[in-house]
Each structure stands twice: as structure tokens, then as C-alpha cells.
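Visitor: Predicted structure and sequence below. I'll ask about it afterward.
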Amino acid sequence: MRRKVFISHYKGDRNEVDLFIDEFANRQNVFIPYVLGANDNDQFINSNNPSYVMSQIRSKYLQDTTVTIVLVGSCTHSRRYVDWEIKSSLQQGETRPNGLVGIILRSQGDTAFMPPRLMQNWNVNNQNCYARYWVYPSTALQLSNMIEQAHYSRETSRHLINNSQQMMKYNAKCLVHNITH
């Protein structure tokens with residue numbers, strides 16, 4: 001089954017995000033992508049009001065999705081819009097929260113600084129937590145399994161959601177992760 005997936009990312013990683021979507025959504029049909037800022041025709045949410053931005057993210061991008069994938073690059077952890085998208089994804093009440101998966105982009109190797117709200121919902125063993133955090137998938141089946149696990153968590157692990165952290169008001173300092181080759 002192809003799930004509708006919201007892709008959260010830092011715009012500085014757009015080329016890698018586009019490659020991920022092309023590879024897994026367009027060519028291998030693993031998921032149906034919903035992405036804010038993935039193409040030049042998107043209507044950006046031009047506001048500094050976090051509540052308004054979150055309501056727009058929820059109504060325009062998350063409404064029909066069941067899983068959020070955060071594509072983690074070198075500065076994703078420091079971006080307020082990523083924080084707001086994760087917070088919106090985890091909201092409970094009128095709708096069920098989205099399942100939550102963090103995936104490290106290829107350019108980062110096997111480690112990257114995780115967005116704080118994602119980190120609060122994850123543990124190192126990917127057990128007894130709401131979110132999952134993985135290195136870049138090597139196959140369509142591997143990604144499909146990641147998505148299905150996150151989707152399943154919506155039903156079985158909602159009680160583990162930690163979404164009480166104060167929202168980022170501004171972008172934080174990017175803790176650039178250097179890879180030595």
C-alpha cells in the first residue's frame with residue numbers, strides 16, 4: 001500500500017530531497033509525497049506566527065497524510081519550520097498524529113544532528129518510543145517497512161508522544177556536522 005507521506009526538510013537540502021522523492025516516490029512508487037517547498041509553484045506560508053503556520057501546515061499538507069518523514073541534513077536540526085512541521089505532525093485531538101520517521105540524508109553518512117522534537121520522541125534502540133530514526137534506505141522495501149512501522153505507531157504508541165517542548169521562535173545555530181573521508 002502506498003501511504004501519503006509528508007516530507008519535512010531544510011530547504012538547503014532541496015537537491016537531495018528532490019532525489020529522494022524522485023527515487024522512492026516517482027520511480028519506485030513507495031509513497032505519495034506531500035512536500036512544502038519542493039517546487040517553485042508552492043505557496044509558501046509567509047508568516048512569523050507559529051500558530052497560524054502550524055494550522056496552515058496541518059490543513060494544506062498534513063490533512064491527508066498519515067506519516068511524516070523528516071529528511072535530516074547538516075542543518076535540519078536548527079530550522080524552526082522543521083520544528084513546527086514535526087509539532088504539527090504530532091498533534092493529537094481532532095485528528096490522529098502522523099507516524100514520525102527521521103532519515104539521515106546520504107550526504108551525512110550515518111550520523112547527523114537530530115531535530116530536538118524528533119529526538120524527544122525517539123530512543124537509540126528504536127523501541128518504546130514514538131519516532132524512528134534511520135540511515136538512508138538502500139532499497140524500496142526498506143523504506144516501505146520504515147513507513148509501515150511509523151504508520152503502525154499511530155495506533156499503538158500515541159501515548160509515547162512528547163510534544164510539550166516550546167516551539168522554536170527563530171532558527172537556531174546550525175551545528176554543522178563534518179564528515180571526514
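Guide: Everything's here; your move. Computed from a predicted structure; not experimentally measured.

Visitor: Touching the helix ranked longest in the chain from outside, list them.
Guide: The helix that spans the most residues within the chain, counting by DSSP state H, is helix 140-156. Contact with helix 140-156 is made by 3, 5, 24, 28, 30-31, 66-69, 96-101, 103, 130-132, 134, 137, as judged by C-beta atoms under 8 Å, 6 or more residues apart in numbering. C-betas here are computed from N, CA, C, even on glycine.

Visitor: just stretch 5-13 next, same as before
Guide: The contact list for stretch 5-13 (C-beta under 8 Å, 6+ apart) reads 17, 20-21, 25, 31-35, 37-38, 61-62, 65-71, 73-76, 79, 82, 85-86, 89, 98, 105, 107, 147.

Visitor: again, but for stretch 157-164
Guide: In contact with stretch 157-164 (C-beta under 8 Å, 6+ apart) are residues 87, 90, 91, 92, 96, 97, 117, 120, 121, 128, 129, 130.

Visitor: ok, now with 10 Å
Guide: Contacts with stretch 157-164, where a contact means C-beta atoms under 10 Å, 6 or more residues apart in numbering, come from 86-92, 96-97, 99-100, 117, 119-123, 128-131, 149-150, 153-154.

Visitor: Might you specify the subset of the contacts of helix 140-156 located within helices?
Guide: Per DSSP H, the contacts of helix 140-156 never map to helices.

Visitor: Buried ones only from those, please, as a PyMOL command.
Guide: Here is the PyMOL command that selects the buried residues among these (16 or more other C-beta atoms under 10 Å):
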select buried, resi 3+5+24+30+31+66+67+68+69+97+98+99+100+101+103+130+131+132+134+137
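
Visitor: which residue is nearest the centroid of the protein?
Guide: residue 70 (2.1 Å; C-alpha atoms, centre = their mean).

Visitor: Please tell me I have it right and that one contacts residue 116.
Guide: No - in this structure, residue 70 is not within contact of residue 116 by C-beta atoms under 10 Å, at 11.6 Å.

Visitor: what is in contact with the two at once?
Guide: Both residue 70 and residue 116 are contacted by 77, 82, 86, under the criterion C-beta under 10 Å, 6+ apart.

Visitor: ok, back up a step: mind checking which of the contacts of helix 140-156 are in strands?
Guide: Under the assignment DSSP state E, these contribute 3, 5, 31, 67, 68, 69, 99, 100, 101, 103, 132, 134 to strands.

Visitor: need those residues in CSV with distance to residue 142, can you?
Guide: As requested, those are exported to CSV (distance: C-beta to C-beta, whole Å):
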residue, distance to residue 142
3, 15
5, 15
31, 13
67, 15
68, 18
69, 13
99, 16
100, 17
101, 12
103, 10
132, 12
134, 8
